[in-house]
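**Q** coords please:
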Amino acid sequence: MSPCAYAEVVRQLPAVKGARILPGKTFKKILFELCVENLASAQAAERGGADRVELCTQLEIGGVTPAEELTAATIQALRIPVHVLIRPRGGDFVYSGTEFAQMQQQIEWVKKAGAAAAVLGVLQADGRVDVPRSRELVELARPMKVTFHRAFDETRDKAEALEAVVETGADCLLTSGGAPDVLTGAEELCRLVHQAGERIQIMAGGGLKLANLDEVLERTGVPCMHGSLTRRETDCADVQGTDVAILEADVRSAVGTLRGRLRSE
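**A** Residues are numbered from 1 along each chain as shown. Now for the predicted structure:
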């Protein structure tokens with residue numbers, strides 16, 4: 001029986017005080033990170049109770065590194081940590097020497113701006129994690145924290161890829177479990193949480209919705225959730241007014257769900 005199937009069986013048994021079913025299943029804290037493209041959304045995230053934000057632009061192509069001005073303004077305006085995506089273009093995650101040098105430059109100015117973390121990842125042409133180059137970026141980013149992003153989801157062997165990500169020295173792995181969305185990838189996410197143990201934080205992200213947040217948490221045991229909570233397919237580059245209020249309310253609802261789960265554990 002797989003660890004996740006076993007966990008589901010045990011979950012249905014009478015609770016034993018202090019019992020721990022699976023690494024990550026008993027939480028000290030459940031984090032919520034909102035993915036944002038602009039300052040207004042970042043501020044809504046903070047007001048709604050998000051633990052941190054990931055800042056990027058061009059989410060329609062999976063996100064790229066935001067402009068220096070936006071990055072600096074967001075970091076200065078927020079009290080919660082700002083994580084910044086380091087990605088020079090859309091498309092695959094196999095980068096030329098010129099693109100790699102651009103990523104190094106982006107890390108330097110993001111670090112200088114005062115970001116709490118860099119979000120990055122490099123793959124080899126064969127689809128495996130490029131450990132040497134990813135580790136070089138991780139080391140350059142210090143003392144910032146580092147999240148290895150969903151480039152991971154394009155790897156063929158997730159168990160092997162997780163070990164490679166751990167080897168890069170990254171602090172956190174953002175993944176949907178290799179599926180189109182976190183709910184579809186719930187079983188794989190559960191396996192990854194079990195495999196990772198305390199070595200690296202697993203963060204579930206990709207197609208996360210308010211309606212499925214509690215189910216994803218229950219089925220995976222992930223200690224951290226990531227999403228944009230987008231309700232409609234629109235360009236959110238100019239979010240303002242009512243849209244900001246809706247986003248803030250959605251963040252507050254998501255955080256409330258997670259805190260409620262924590263209290264019930």
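
**Q** from what I can see Cys172 touches Phe148, true?
**A** Yes. Cys172 is within contact range of Phe148, at 7.2 Å (criterion: Cβ atoms under 8 Å). C-beta here means a position set from N, CA and C on the backbone, and glycine is covered the same way.

**Q** which of those two has more neighbours?
**A** Each of Cys172 and Phe148 had its neighbours counted (other Cβ atoms under 10 Å), and the higher figure belongs to Phe148 (29 against 23).

**Q** Which pLDDT does the model give the more buried one?
**A** We note a pLDDT of 98 for Phe148 in this prediction.

**Q** Likewise for Pro14?
**A** 37.

**Q** Next: Glu33.
**A** We have a pLDDT of 98 for Glu33.

**Q** got a list of contacts for the helix or strand hosting Lys112?
**A** Under DSSP states H and E, the secondary-structure element containing Lys112 is helix 97-113. Taking contacts as Cβ atoms under 8 Å, 6 or more residues apart in numbering, the residues outside helix 97-113 that touch it are 65, 68, 71-72, 75, 84, 86-89, 95, 118, 120, 122, 133, 137, 140-141, 144.

**Q** Torsion angles phi and psi at the closest residue to Lys158 other than its chain neighbours?
**A** Nearest residue to Lys158 in three dimensions, chain neighbours excluded: Gly178, at 5.6 Å (Cβ to Cβ, 6 or more residues apart in numbering). Backbone geometry at Gly178, expressed as degrees, to the nearest 10, gives phi 80, psi 10.

**Q** distance of Gly178 from Pro81?
**A** According to Cβ to Cβ, to the nearest Å, Gly178 stands 27 Å off from Pro81.

**Q** between the two, who's got more neighbours?
**A** Neighbours per residue (other Cβ under 10 Å) separate Gly178 from Pro81, with Gly178 holding more: 20 against 17.

**Q** ok, which stretches of the chain are helices?
**A** Assigned by DSSP state H, the helices in the chain fall at 3-11, 39-48, 68-77, 97-113, 131-141, 158-168, 186-196, 213-220, 242-264.

**Q** Keeping just the C-alphas, turn the fifth one into CSV.
**A** It stands for helix 131-141. These are the backbone C-alpha positions of helix 131-141, laid out as CSV (Å, rounded to 0.1, in the frame of the first residue of the first chain):
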residue,chain,number,x,y,z
VAL,A,131,21.8,20.5,-10.5
PRO,A,132,25.1,22.3,-11.1
ARG,A,133,23.5,25.4,-12.6
SER,A,134,20.5,25.5,-10.3
ARG,A,135,22.9,25.1,-7.3
GLU,A,136,25.0,28.0,-8.6
LEU,A,137,22.0,30.2,-8.6
VAL,A,138,20.9,29.1,-5.2
GLU,A,139,24.3,29.9,-3.8
LEU,A,140,24.3,33.3,-5.5
ALA,A,141,20.9,34.1,-4.0
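
**Q** Buried residues in it, which are they?
**A** When burial is assessed from 16 or more other Cβ atoms under 10 Å, helix 131-141 yields the following buried residues: 131, 133-138, 140-141.

**Q** Can you add pLDDT and distance to Met103 and give those back as JSON lines?
**A** Written out in JSON lines, the entries for the buried residues of helix 131-141 read as follows (pLDDT from 0 to 100; distance: Cβ to Cβ, whole Å):
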{"residue": "Val131", "pLDDT": "98", "distance to Met103": "16"}
{"residue": "Arg133", "pLDDT": "98", "distance to Met103": "9"}
{"residue": "Ser134", "pLDDT": "98", "distance to Met103": "10"}
{"residue": "Arg135", "pLDDT": "98", "distance to Met103": "13"}
{"residue": "Glu136", "pLDDT": "98", "distance to Met103": "10"}
{"residue": "Leu137", "pLDDT": "98", "distance to Met103": "6"}
{"residue": "Val138", "pLDDT": "98", "distance to Met103": "12"}
{"residue": "Leu140", "pLDDT": "98", "distance to Met103": "9"}
{"residue": "Ala141", "pLDDT": "98", "distance to Met103": "10"}
